[in-house]
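Undergrad: give the three-dimensional model of this entry:
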Amino acid sequence: QVPLVQSGGGLVQAGGSLRLSCAASERTLSGFALGWFRQAPGKEQEFVGAISWNGDRAVYSDSVEGRFTITRDNANIIMYLQMNDLKPEDTGVYYCAAGYLYGIRFSHRSEYWGQGTQVTVSS
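TA: Okay, the predicted model is just below:
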């Protein structure tokens with residue numbers, strides 16, 4: 001069973017918006033921080049942002065700060081990534097993960113990953 005199930009994504013023009021979802025299949029994941037990573041073709045995986053276990057704090061990479069917003073619904077253990085003002089450089093496969101948030105650093109658990117979802121932003 002996939003611990004984190006992603007949905008959303010797709011193709012959008014530059015300046016547009018998309019929302020990704022990440023739903024946990026195990027209730028134990030409600031106690032973990034949740035985060036997003038992305039990987040563009042030919043590039044290394046990049047941290048996008050993360051949210052604390054209770055949703056009271058979120059951190060973002062400089063490249064998405066002010067454009068992306070992470071929220072979570074702990075009753076249903078779903079995390080959302082609202083992406084606004086998308087740019088072609090936001091293109092990539094987006095992954096969610098569960099782990100721990102220490103200050104501004106997110107440390108993911110290797111066994112808790114989503115299946116990935118493609119986001120393509122055309123210019």
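Undergrad: please make it C-alpha for all contacts and neighbour counts, starting now.
TA: Fine.
Undergrad: just checking the distance from the lengthiest strand in the chain to the centre of its chain.
TA: For the chain, the strand reaching the highest residue count under DSSP state E is reported as strand 92-102. Averaging C-alpha coordinates over strand 92-102 and over its chain gives two centres that are 6 Å apart (Cα atoms, centre = their mean, to the nearest Å).
Undergrad: so which strand or helix has the residue nearest the centre of the chain?
TA: If you average the C-alpha coordinates of the chain and look for the closest C-alpha using Cα atoms, centre = their mean, you land on W36, 2.7 Å from that point. When secondary structure is defined by DSSP states H and E, W36 falls within strand 33-39.
Undergrad: ok, residues contacting that strand?
TA: Outside strand 33-39, the residues that touch it by Cα atoms under 8 Å, 6 or more residues apart in numbering are 45-54, 79, 81, 92-101, 106, 108.
Undergrad: recalculate using a threshold of 6 Å.
TA: Identification of contacts with strand 33-39 by Cα atoms under 6 Å, 6 or more residues apart in numbering yields 45-53, 92-101.
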